[in-house]
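quick check, what structure comes out for this input:
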Amino acid sequence: MANPQHVAVLQSGVTPWNNWRQEYPNVIPDLTAARFDYLSLSRADLRRTGFRGSNLIGANLSDTDLRGADLTEAVLTKANLENSKMAGASLQGAVMVQANLKNADLTGCRVYGASVWDAITDGALQNSLIVTPWNEPSPIFTDNIEVAQFIYLLLNNKKIRHVIDTITSKVVLILGRFTPERKVVLDSIRDELRKRDYLPVLFDFEKPSSRSTVETVSTLAHMARFVVADLTDAKSVLQELQAVVPSNPSVPVQPVILTSQTEPGMFDFFRMFPWVLEPYLYEDQDRLLAAIMDKVIGPAEAKAKKQ
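Numbers count the residues shown, from 1 in each chain. Below you'll find the predicted structure:
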């Protein structure tokens, strides 16, 4: 546990703390599992300080010196670490969700197990981040804290194979338009897929697609078990299919369309590809859902097994 004297000095303010550090330069402060949530610690000298398991939620740590600090499993959610010096600090297992790391120096930090969802990293120095845990004899480095976990998975083949197998066996990409009447249908398809233990990803093409949207759809398609494309009132959907179909021969595409609609003339192009199934024509949402297993999921799944 933390040294009570050390905790009391820091809680008394930054100036008394910095003066104490100057008076006792050889003391390594022990603030293990202490609470400093929402405390203003800006410009504090926190070099080599032990914050293992401490609560620093919402704390103002801007312009602080945290070089060599032990922040293992510390909770830094929404903490402000802007312009902080953190080189060589341990962030193993630290929670930095929505933390502000703008212009922070993270050089050489240990980041194994760190959670950085929605963290601000603009301008941060992220050189030589150590991805592997302490007990790994050969450390692995990366220069981006947000991809550190993925890099570690890549290095552990069994784990990454499991992740990829899980994704590619369950993800279903749903393409269509998000006009009010079409959104109801797309949502119902998504709900039916969820009931059958798939992971539906629903894409909105109400607005014209940008290049980045097309690239995102193409990336998701590479990870999908199959694609369901609602061609009703098709506009941008055809553009996305052009990006998806030719380069993904192992990903079946099951189109659906209202019987009252005319099949887009451009669809003849997609019939060239054997992994694009014949469109299922449905009269209304109720009939679509009633037949979704036999006419949509079933054919797509059967095709996926043959690919």
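
residue contacts, the residue nearest to residue 254 when sequence neighbours are not counted?
Excluding its sequence neighbours, the residue lying closest to residue 254 (CB to CB, 6 or more residues apart in numbering) is residue 300, at 4.2 Å. Where C-beta positions appear, they are placed from N, C-alpha and C, glycine not excepted. By CB atoms under 8 Å, 6 or more residues apart in numbering, the residues touching residue 300 are 225, 226, 227, 228, 252, 253, 254, 277.

residue 41 too?
10, 14, 59, 60, 61, 64.

can you tell me which of those are in helices?
Applying DSSP state H to the contacts of residue 41, the entries found in helices are 10, 14.

identify the farthest-apart pair in the contacts of residue 41.
10 and 60 (13.0 Å; CB to CB).

for the stretch 101-250 of the chain, what spans make up the helices?
148-155, 157-170, 180-195, 211-223, 236-244 (DSSP state H, counting those that start in this stretch).

point out the most buried one among those.
helix 236-244 (a mean of 21; mean count of other CB atoms under 10 Å).

next structured bit after that one?
Sequence order places strand 253-258 as the next helix or strand after helix 236-244, per DSSP states H and E.

in JSON lines: the contacts of residue 41, plus neighbour count, distance to residue 172 and pLDDT.
Below are the contacts of residue 41 laid out as JSON lines (neighbours: other CB atoms under 10 Å; distance: CB to CB, whole Å; pLDDT from 0 to 100):
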{"residue": "10", "neighbour count": "23", "distance to residue 172": "51", "pLDDT": "97"}
{"residue": "14", "neighbour count": "18", "distance to residue 172": "53", "pLDDT": "97"}
{"residue": "59", "neighbour count": "26", "distance to residue 172": "42", "pLDDT": "98"}
{"residue": "60", "neighbour count": "20", "distance to residue 172": "44", "pLDDT": "98"}
{"residue": "61", "neighbour count": "27", "distance to residue 172": "43", "pLDDT": "98"}
{"residue": "64", "neighbour count": "26", "distance to residue 172": "46", "pLDDT": "98"}
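
tell me the secondary structure at residue 281.
Here residue 281 takes the strand state, with states given by DSSP: H, G, I helix; E, B strand; the rest coil.

make CSV out of the helices of the stretch 101-250 of the chain and add distance to residue 268 and mean pLDDT.
Formatted as CSV, these follow (distance: least, CB to CB, whole Å; pLDDT from 0 to 100):
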stretch, distance to residue 268, mean pLDDT
helix 148-155, 40, 72
helix 157-170, 29, 67
helix 180-195, 23, 86
helix 211-223, 21, 75
helix 236-244, 11, 83
